[in-house]
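Visitor: structure for the following, please:
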Amino acid sequence: MRIVFMGTPGFAETILRSLCVAGHDVLTAVTQPDRAGSRGKVVFSPVKEYAFSRGIPVEQPEFVKNNDAFFKKIAALSPDVIVVAAYGKIIPKNILELPKFGCINVHASLLPKFRGASPVQHAILEGDEMTGVTIMQMSEDLDAGDIIAKISIRIDGMHCPQLTEKLAEVGGSLLVDTLASVADGTADRTRQDETMATYAGIITRRDGAIDFSKHSARHILRMLAAFDPWPGVFCRMNGDILKIKNGFAVDAKSGGEPGTIIGISRQGILVSCVEGAFLITELQMPSKKALTVEAYLAGNRIDKGTVLK
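Guide: Residues are numbered from 1 along each chain as shown. Below is the predicted model:
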C-alpha cells in the first residue's frame, strides 16, 4: 500500500520499521519538529532518524490543523492510507478523510481503556496484569474510532521502556496483518463502548512525587516501573530532593507516621507508607550519581526517624 506515516518517538519508529520490512511503499514520514538538546545540539526524532536511513522523505510541520500547504503536500502524494503512531498532534478532519482507507492509528492500550498520551505508564501504574495494542480507524474524537484489531500481552513487571518496546513489536506485526485485511475488504470494525472509556493524560514531573500518606508501598513500586526513565520517582529528605532509583515493597505492617525511616541497613532504607513499607535500595541526591544505599552510607549519615516528604 501507498502509505503516509505520522509518528515521533521510538514506539513509532518500530512501527515504521515494520511497514518498511513488510514491503509497503512509505511515501513520506511526518514527525515532530527537531528539538534542542544539550549544548545546543539539534536532536532528531527516532522516526526521522530511521526515515533518513531508508531514504524516506520527511515532513516536520509545526502544526497540521489549518495548514493548507501541508494538506496539499499530503494530498499530492495520493496515499491509500495514513498510519499514525504516537505522532503527538491532533489530526484534523480534512486529513482524516483524505486517503482511500482513511487514517489508521496504532495505540498502545486495549481501547477504550487508557485513551490519551500515556497509556503504557497508566497500565503499569494501575497494576494491570494485561495490556496491549489496538489498531483503530481514526475519528475526530481522541482515540475513539472504531476498533479493527487488538492484541494482548502480559505486563509481567516490565518497566515502561521494556513494555513500550514489546508493544511496538507486537503492534507492528498486528498492523501489517490489519492493513492486508483493510486492503482486501475483510477487516471488521467494532464501535468502542463509551461507558468503558478511561483516559491517560500527559505525564508531568509532579507525577513522580511520592506522597507516603497516600501511596502504598506497592504503588510506589509501580511508580518506579511506570515513570522510568522520566520523570522518575522522588521525595524530599531534610529539604533535599531524594530520587529513588530502586527498591522493594514490603507487606509487613510498618508502624509510625507515613514517610518515617523505620530501619537502616546495608540492604536499604525502610520507609513506612500508608500501607506496607518501602525498602529503598538505590538512591540519588542532587548533583550526585546514583548509589546503592550501602555505598551511600559509607560516606553519609541518615538517621532513623527522619521523615521523608
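Visitor: report the helix or strand with the lowest average pLDDT across the protein.
Guide: strand 35-36 (a mean of 86; mean pLDDT, DSSP states H and E).
Visitor: which residues touch it?
Guide: With Cβ atoms under 8 Å, 6 or more residues apart in numbering as the test, strand 35-36 has contacts from 42-43. The way it works is simple: take the backbone N, C-alpha and C, and place the C-beta from them, glycine included.
Visitor: okay, now the domains of this structure?
Guide: According to automatic domain parsing, the chain comprises the domains 2-200, 205-297.
Visitor: which stretches of this protein have low pLDDT?
Guide: Counting by pLDDT under 70, the chain contains low-confidence ranges at 254.
Visitor: ranges for the helices of it?
Guide: Using DSSP state H, the helices of the chain run over residues 10-21, 46-54, 68-77, 93-96, 119-125, 160-183, 217-226, 293-297.
Visitor: could you single out the most deeply buried of those helices?
Guide: Each of the helices of the chain was scored by mean neighbour count; the highest is helix 119-125, a mean of 24, by mean count of other Cβ atoms under 10 Å.
Visitor: rewinding a little: dump the domains of the chain into CSV; add distance to T306 as well.
Guide: Putting those into CSV (distance: least, Cβ to Cβ, whole Å) gives the following:
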stretch, distance to T306
domain 2-200, 27
domain 205-297, 5
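Visitor: which of these sits closest to D303?
Guide: domain 205-297 (7.4 Å; Cβ to Cβ).
Visitor: so what's the gap between that closest one and the chain middle?
Guide: 22 Å (Cα atoms, centre = their mean, to the nearest Å).
Visitor: circling back to that earlier point, so what are the sheet partners of the least confident helix or strand of the chain and their directions?
Guide: Using DSSP bridges, strand 35-36 pairs in its sheet with strand 42-43 (antiparallel).
Visitor: and L98, what does it touch?
Guide: With Cβ under 8 Å, 6+ apart, L98 has these contacts: 71, 74-75, 79, 82.
Visitor: got it, and V43?
Guide: Counted by Cβ under 8 Å, 6+ apart, V43 has contacts 34-37.
Visitor: over to I155?
Guide: Contacts of I155 by Cβ under 8 Å, 6+ apart are 123-124, 128-131, 163.
Visitor: follow-up on the earlier one: so which of the contacts of V43 comes closest to I262?
Guide: Distances from I262 to the contacts of V43, taken by Cβ to Cβ, are shortest for G37, at 42.1 Å.
Visitor: give me the nearest residue to the closest one, chain neighbours excluded.
Guide: Using Cβ to Cβ, 6 or more residues apart in numbering and skipping residues adjacent in sequence, the residue nearest G37 is V43, 4.1 Å away.
Visitor: can I get the helices of the chain in a markdown table with distance to P258?
Guide: A markdown table is the format used below for the helices of the chain (distance: least, Cβ to Cβ, whole Å):
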| stretch | distance to P258 |
| --- | --- |
| helix 10-21 | 36 |
| helix 46-54 | 40 |
| helix 68-77 | 52 |
| helix 93-96 | 48 |
| helix 119-125 | 19 |
| helix 160-183 | 26 |
| helix 217-226 | 10 |
| helix 293-297 | 20 |
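Visitor: for V307, find the nearest of the ones you listed.
Guide: helix 217-226 (15.7 Å).
Visitor: for that closest one, enumerate the helices and strands it packs against.
Guide: In terms of contacts (3 or more Cβ pairs under 8 Å, 6 or more residues apart in numbering; DSSP states H and E), helix 217-226 is packed against helix 119-125, strand 233-237, strand 240-250, strand 277-284.
Visitor: hmm, 10 Å instead?
Guide: helix 119-125, helix 160-183, strand 233-237, strand 240-250, strand 268-272, strand 277-284 (3 or more Cβ pairs under 10 Å, 6 or more residues apart in numbering; DSSP states H and E).
Visitor: next, the angle helix 217-226 makes with the longest one.
Guide: What that stands for is helix 160-183. 60 degrees (axes from the mean of the first three to the mean of the last three Cα atoms, to 10 degrees).
Visitor: then helix 160-183 to CSV, C-alphas only?
Guide: Extracted C-alpha coordinates of helix 160-183, given in CSV (Å, rounded to 0.1, in the frame of the first residue of the first chain):
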residue,chain,number,x,y,z
CYS,A,160,8.0,1.4,30.8
PRO,A,161,10.8,1.3,28.2
GLN,A,162,10.8,-2.5,28.0
LEU,A,163,7.0,-2.7,27.8
THR,A,164,6.8,0.1,25.2
GLU,A,165,9.3,-1.8,23.1
LYS,A,166,7.4,-5.0,23.4
LEU,A,167,4.1,-3.3,22.5
ALA,A,168,5.7,-1.7,19.5
GLU,A,169,7.0,-5.0,18.2
VAL,A,170,3.6,-6.8,18.5
GLY,A,171,1.8,-3.7,17.3
GLY,A,172,4.0,-3.6,14.1
SER,A,173,3.1,-7.1,13.3
LEU,A,174,-0.5,-6.6,14.0
LEU,A,175,-0.6,-3.5,11.8
VAL,A,176,0.9,-5.3,8.8
ASP,A,177,-1.8,-8.1,9.1
THR,A,178,-4.5,-5.5,9.6
LEU,A,179,-3.5,-3.5,6.6
ALA,A,180,-3.8,-6.6,4.5
SER,A,181,-7.4,-7.1,5.7
VAL,A,182,-8.2,-3.5,5.1
ALA,A,183,-6.9,-3.6,1.6
